[in-house]
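Enquirer: predicted model follows, preceded by the sequence.
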Amino acid sequence: MTVMYDRVALIGLGLIASSMFWAMKRGGIAGEVIGYARSSETRDVAREIGLCDRVCDSAAEACEGADLIVLCVPIGAMDAVSREIAGALKKGAVVTDVGSVKRAVIDVVGPHIPDGVHFVPGHPLAGTEQSGPRSGFAELFDNRWCVLTPEGADADATAKLRKYWEALGSNVDEMDADHHDLVLAVTSHTPHLIAYTMVGVADDLSRVTDTEVVKFSAAGFRDFTRIAASDPTMWRDVFLNNKDATLEILGRFTEELFALQRAIRQGDGEHLHDYFTRTRSIRRGIIEAGQDTDAPNFGRNPKP
Ligand SMILES: NC(=O)C1=CN([C@@H]2O[C@H](COP(=O)(O)OP(=O)(O)OC[C@H]3O[C@@H](n4cnc5c(N)ncnc54)[C@H](O)[C@@H]3O)[C@@H](O)[C@H]2O)C=CC1
Ligand SMILES: O=C(O)C(=O)Cc1ccc(O)cc1
């Protein structure tokens, strides 16, 4: 139990912020946690369930005197909240964020950060399809990666934020923001779009009833429906703000899909078999690296 920051401000009180709060409480990592959310309903829920030591009615008030400020709002709201808090940030404070896209956040938040305040962008690669102040839990970040994209930010501020995420349970890596956005386009953003599409296709298919879809959902499709139940605002903002990388990956995806479509039409079993053999090795690689979160022993593997 080591207090790393005397006062932490969480701006936006949804899945990620509430998980951070419970993880901070679990580890005794923050002296005091102050919260703010835009809607009064969310602030009322937070007060009711004891989410944050104090909940403020303005973002600026929540940031007064804070040593660490974490922006936990959808990407599209990052500009507005950083504008709101800029005047309240104390010298030496560290501002970070948890947004799923990094370049766009750096572009909109960076200009509002005053001299003497450090901005170290971040992204915990951990989440669920749930959202809102009641959805968080302390274990969310355990054994998951958190990527920091410091781009020349103060080395001490970055090193301390790294230790903070480790104290929350994560493994931490550093990356260039554009590279982060490309990696996430492959591993998270495009897969979400594909899940949204497949569930949309099932919903559109009038010859198969909704009841049949529910009744006969195989495990793969059930995973798609879970992912496609993710927060619409958050995911709209991800695609609007990681446009180039997502479009590049989608272009490659549709090319491969067309090739598989042709192999099916032409009865080219060799093409299909070779392709599926190659993709199988990716899954095996994930399991060998101890990153299979579905495995019963996940989280009990030694940290890499
Ligand atoms: N949900 C997930 O699985 C993950 C989400 N992220 C990122 O974390 C951030 C937050 O996501 P979640 O916690 O899932 O969202 P959420 O929807 O659960 O919570 C978002 C919070 O922000 C508040 N908010 C929205 N607009 C606001 C504004 N203009 N001013 C102040 N508050 C505002 C909402 O009222 C809500 O309290 C997003 O940027 C997302 O890309 C990162 C990793 C995983
Ligand atoms: O629920 C899932 O499967 C996720 O993929 C969660 C998630 C969503 C967004 C992120 O930026 C990181 C992780």
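Expert: It's in. Ligands and ions are numbered 1, 2, ... in the order given.
Enquirer: residue of the stretch 101-250 of the chain closest to ligand 1, please.
Expert: G127 (1.8 Å; C-beta to the nearest ligand atom). C-beta here means a position set from N, CA and C on the backbone, and glycine is covered the same way.
Enquirer: host element of Y275?
Expert: Here Y275 is covered by helix 269-288, with elements defined by DSSP states H and E.
Enquirer: what is that helix packed up against?
Expert: helix 243-266 (3 or more C-beta pairs under 8 Å, 6 or more residues apart in numbering; DSSP states H and E).
Enquirer: and ligand 1, is the helix it packs on touching that?
Expert: No - if you take C-beta under 6 Å from any ligand atom as the test, helix 243-266 misses ligand 1, and the best it gets is 13.6 Å.
Enquirer: got the contact list for the residue positioned nearest the centre of the chain?
Expert: Residue closest to the average C-alpha location in the chain (C-alpha atoms, centre = their mean): S100, at 4.6 Å. Going by C-beta atoms under 8 Å, 6 or more residues apart in numbering, S100 touches I75, H123, L184, S188, H189, M234, V238, N242.
Enquirer: out of those, which touch ligand 1?
Expert: Restricting the contacts of S100 to those near ligand 1 - C-beta under 6 Å from any ligand atom - leaves I75, M234, V238.
Enquirer: nearest residue to Q130 in space, please, no chain neighbours.
Expert: Nearest residue to Q130, sequence neighbours excluded (C-beta to C-beta, 6 or more residues apart in numbering): L15, at 5.7 Å.
Enquirer: contact partners for that neighbour?
Expert: With C-beta under 8 Å, 6+ apart, L15 has these contacts: G127, T128, Q130, S131, G132, S135, G136, L140.
Enquirer: select only the buried ones of the residues you listed in ChimeraX?
Expert: For the buried members of those, the matching ChimeraX selection, counting by 16 or more other C-beta atoms under 10 Å, is:
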select :127,130,131,135,136,140
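Enquirer: and of the contacts of L15, the nearest to ligand 2?
Expert: G127 (3.1 Å).
Enquirer: pLDDT value on the closest one, please?
Expert: G127 carries a pLDDT score of 96 in this model.
Enquirer: against E61, how distant is it?
Expert: Plainly put, G127 is 28 Å away from E61 if you go by C-beta to C-beta, to the nearest Å.
Enquirer: burial count for S40?
Expert: Using other C-beta atoms under 10 Å, S40 has 9 neighbouring residues.
Enquirer: swap in R252?
Expert: 12.
Enquirer: so which of the contacts of L15 reach ligand 2?
Expert: G127, T128.
Enquirer: can you lay out the contacts of L15 as a markdown table showing secondary structure?
Expert: Listed next are the contacts of L15 as a markdown table, based on DSSP: H, G, I helix; E, B strand; the rest coil:
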| residue | secondary structure |
| --- | --- |
| G127 | coil |
| T128 | coil |
| Q130 | coil |
| S131 | coil |
| G132 | coil |
| S135 | coil |
| G136 | coil |
| L140 | coil |
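Enquirer: now for the contacts of L15: which two are most distant?
Expert: Within those, two members stand farthest from each other by C-beta to C-beta: G132 and L140, at 13.9 Å.
Enquirer: before we move on, the earlier item: R226: which of the ones next to ligand 1 among the contacts of S100 is nearest?
Expert: Once C-beta to C-beta is applied, the member of the ones next to ligand 1 among the contacts of S100 that ends up nearest R226 is M234, at 14.9 Å.
Enquirer: S230 - nearest residue in space that isn't next to it in sequence?
Expert: What sits nearest to S230 in space, not counting adjacent residues and going by C-beta to C-beta, 6+ apart, is E129, at 4.5 Å.
Enquirer: count the neighbours of A23 for me.
Expert: 23.
Enquirer: contacting residues around it?
Expert: So A23 contacts I29, A138, E139, L140, F141, L168, G169 (C-beta under 8 Å, 6+ apart).
Enquirer: so, low pLDDT: which residues of the stretch 201-304 of the chain?
Expert: For the stretch 201-304 of the chain, the stretches with pLDDT under 70 are 293-304.
Enquirer: so which bits of it are right by ligand 2?
Expert: I227.
Enquirer: looking at the stretch 201-304 of the chain, what residue ends up closest to ligand 2?
Expert: Proximity of the stretch 201-304 of the chain to ligand 2 (C-beta to the nearest ligand atom) peaks at I227, 5.6 Å away.
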